[in-house]
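Enquirer: sequence and computational prediction follow.
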Amino acid sequence: MNMQALLGQDRDHWIHPVASWRDHEERGATILRSGKGCYLTDIEDNVLLDGFSGLWCVNVGYGQDSVVAAASEQMAKLPYATGYFSYASEPAIELAAKLGARAPGDLSHVYFTLGGSDAVDGVVRFIRYYYNITGQPTKKHMIALERGYHGSSSIGSGLTGLPAFHAGFDVPTPMQHHISCPYAYRSDAVDDAALIAASVAELTAKVNELGADNVAAFFAEPVVGSGGVIVPPKGWLTAMQNACRALGILFVVDEVITGFGRTGPLFACEHEGLTPDFMTVAKGLTAGYAPMGALFMSDRIYRAMRDATPSGVAIGHGQTYSGHPVSAAVGLEVLRLYEEGGLLANGQVAGTHFAKGLGGLLDHPLVGDVRSQGLLAGVELVTNKAGKTRPAPTLDLPRHLAAIGYRNGLIFRAFGDGIVGFAPPLCITNDEVDLLLERFRKSLDDLLNIKEIRNAVG
């Protein structure tokens, strides 16, 4: 099928996620055809360095033959096996065991989902069940961060702290609340300690306002992803975990983006030795080669729910494709590539090199801040460095920058408020990191060729 026919069919039939439908119909789709390593090729044979791993997910890079072989072999052997009625498949059992053995703290129990959003939904449902079945039915309120992202489902979108996911969807609900994001670049706190103390105080105040007997849990990403790649100060996560313990609420860590080497170690929790009550993952679990997410449940919570539920009574949460054997086989091979294949170690080396290179962007007239952890980075663009002035919406800077970057052979995430997100595959070499930064700097220079943007810079 030729490109124009594909574009027409896309426009007429495919509802794209998180898109302006009118703008998409006018713009048309960018059709990708193939990928290898850190590179994508589109339908017009343009070769692009993917600085965003698809959607933060293709951690092992494109075209990993062993992953394709694992999926093909499993599909030929057993393409589907339900997890209902006590049935199981070998790859799902093996993957659950390997994940449970590697997870932080006592997160030894794994429930498989289709992706990150329903992993968050599963956590919410299990938390409600846990408190109901253990005689604490008033604990229903849940707290998350402004700018945080916990999916766009009917439940998770309310925990997400981004207005675009709230408008017109009747969320957040009265049971969902938000506190300030630990956003050092735009905080009035005098130092990291003050910022951490402010977050603890705000969480404590919110719990006291709602009543500790009414609050169930606090949700946080180790690095705020879709809200602008905001890296909290070291010690912030530990302080928030300790506050949750003191307040008698559950601590939930959302590692959908940060998991599987994205920030360096297998899980970002390892940076501070966290021991959450629940943890969610997706994206890097299968590196985007097949749909799968998971939630981890602590042994304490699991045993309490098991023991409080009468024998013969099912805990009514399930999905047809939970523990899908093909996705599980992919997950096992991806995990092998992280560890035995050296991708985790390579990502750590490349992440250190990336951080050094990002620092060199601070001399650019448009760059106000850079922040990173491993191969997860944000570059915040401003039109006035002294005032930290965000680009005016009328400049349409994110759209211009994304288009310019594409022309320069680079894909990244241009957020609506002038923040640029990077998450290249863990297979990236230092030379490819340098190429990414070179192409991005050129894209920033090209952005200044637009008269309105150049004139706005002061």
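Expert: Looks like it arrived, so ask away.

Enquirer: what about residue 48, helix or strand, and which?
Expert: Element membership of residue 48 [criterion: DSSP states H and E] is strand 47-50.

Enquirer: kindly report the same for residue 350.
Expert: helix 343-359.

Enquirer: helix or strand right after that helix?
Expert: strand 367-373.

Enquirer: and the average pLDDT for the following helix or strand past that next one is what?
Expert: The first helix or strand that comes after strand 367-373 along the chain, using DSSP H and E, is strand 376-381. Averaged across strand 376-381, the pLDDT comes to 98.

Enquirer: so in that sheet, which strands flank strand 376-381, and in what orientation?
Expert: According to DSSP bridges, strand 376-381 forms sheet pairs with strand 367-373 (antiparallel), strand 419-422 (antiparallel).

Enquirer: residue 53: which of the ones you listed is closest?
Expert: Closest to residue 53 of the strands paired with strand 376-381, according to Cβ to Cβ: strand 419-422, at 9.2 Å. The way it works is simple: take the backbone N, C-alpha and C, and place the C-beta from them, glycine included.

Enquirer: could you list the residues in contact with that closest one?
Expert: Contact with strand 419-422 is made by 51-52, 225-226, 228-229, 354, 372, 375-381, 401, 412-415, 436, 440, as judged by Cβ atoms under 8 Å, 6 or more residues apart in numbering.

Enquirer: pull it out as PDB, backbone CA atoms only.
Expert: Output of strand 419-422 as PDB, limited to C-alpha atoms (Å, rounded to 0.1, in the frame of the first residue of the first chain):
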ATOM      1  CA  ILE A 419      10.800  20.600  28.500                       C
ATOM      2  CA  VAL A 420      12.500  18.100  26.300                       C
ATOM      3  CA  GLY A 421      12.700  14.400  27.400                       C
ATOM      4  CA  PHE A 422      15.300  11.900  26.400                       C
END
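
Enquirer: what is the mean pLDDT for that strand?
Expert: pLDDT averaged over strand 419-422 gives 98.

Enquirer: winner for burial among the strands paired with strand 376-381?
Expert: Each of these was scored by mean neighbour count; the highest is strand 419-422, a mean of 24, by mean count of other Cβ atoms under 10 Å.

Enquirer: mind giving me the packing neighbours of the very next helix or strand once past it?
Expert: Once the chain leaves strand 419-422, the next helix or strand it forms, by DSSP H and E, is helix 430-447. When contacts are defined as 3 or more Cβ pairs under 8 Å, 6 or more residues apart in numbering; DSSP states H and E, helix 430-447 packs onto strand 47-50, helix 343-359, helix 397-407, strand 410-411.

Enquirer: tell me the helix or strand right after helix 430-447.
Expert: Counting by DSSP H and E, what follows helix 430-447 is helix 451-456.

Enquirer: which other residues reach that following helix?
Expert: 383, 391-392, 394-395, 397, 400, 447-448.

Enquirer: among the residues you listed, who's most crowded?
Expert: Neighbour counts for the contacts of helix 451-456 peak at residue 397, which has 25 neighbours (criterion: other Cβ atoms under 10 Å).

Enquirer: gap between the two ends of stretch 273-289?
Expert: 29 Å (Cα to Cα, to the nearest Å).

Enquirer: pull out the buried residues from that stretch.
Expert: 274-289 (16 or more other Cβ atoms under 10 Å).

Enquirer: can you tell me the SS state at residue 129?
Expert: Following DSSP: H, G, I helix; E, B strand; the rest coil, residue 129 is assigned to helix.

Enquirer: quick thing: my sequence starts at 837, can you match it?
Expert: In the new numbering, first residue 837, that becomes residue 965.

Enquirer: neighbouring contacts of stretch 1067-1074?
Expert: So stretch 1067-1074 is contacted by 1018, 1020, 1028-1029, 1031-1032, 1035, 1056, 1058-1060, 1089, 1105, 1107-1110, 1207-1209, 1214 (Cβ under 8 Å, 6+ apart).

Enquirer: hang on, the earlier thing: between the helices and strands packed on helix 1266-1283, which one is nearest to residue 1151?
Expert: helix 1179-1195 (34.1 Å).

Enquirer: so what does the closest one touch, helix or strand wise?
Expert: Here helix 1179-1195 touches strand 1203-1209, strand 1212-1217, helix 1266-1283, going by 3+ Cβ pairs under 8 Å, 6+ apart.

Enquirer: turn these into CSV, including distance to residue 934.
Expert: Formatted as CSV, the helices and strands packed on helix 1179-1195 follow (distance: least, Cβ to Cβ, whole Å):
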stretch, distance to residue 934
strand 1203-1209, 24
strand 1212-1217, 23
helix 1266-1283, 29
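
Enquirer: which of these is buried the deepest?
Expert: Buried most deeply of these, by mean count of other Cβ under 10 Å, is strand 1212-1217, with a mean of 25.

Enquirer: the helices in the stretch 887-1036 of the chain, which residues?
Expert: 889-892, 901-913, 926-938, 952-969, 992-995, 1028-1046 (DSSP state H, counting those that start in this stretch).

Enquirer: can you add mean neighbour count, distance to residue 1157 and mean pLDDT and give these back as JSON lines?
Expert: Below are these laid out as JSON lines (neighbours: other Cβ atoms under 10 Å; distance: least, Cβ to Cβ, whole Å; pLDDT from 0 to 100):
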{"stretch": "helix 889-892", "mean neighbour count": "21", "distance to residue 1157": "19", "mean pLDDT": "98"}
{"stretch": "helix 901-913", "mean neighbour count": "15", "distance to residue 1157": "14", "mean pLDDT": "98"}
{"stretch": "helix 926-938", "mean neighbour count": "18", "distance to residue 1157": "11", "mean pLDDT": "98"}
{"stretch": "helix 952-969", "mean neighbour count": "22", "distance to residue 1157": "10", "mean pLDDT": "98"}
{"stretch": "helix 992-995", "mean neighbour count": "26", "distance to residue 1157": "18", "mean pLDDT": "98"}
{"stretch": "helix 1028-1046", "mean neighbour count": "16", "distance to residue 1157": "35", "mean pLDDT": "98"}
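
Enquirer: now the helices for the stretch 1037-1186 of the chain?
Expert: Under DSSP H, counting those that start in this stretch, the stretch 1037-1186 of the chain gives helices at 1072-1083, 1135-1144, 1161-1175, 1179-1195.
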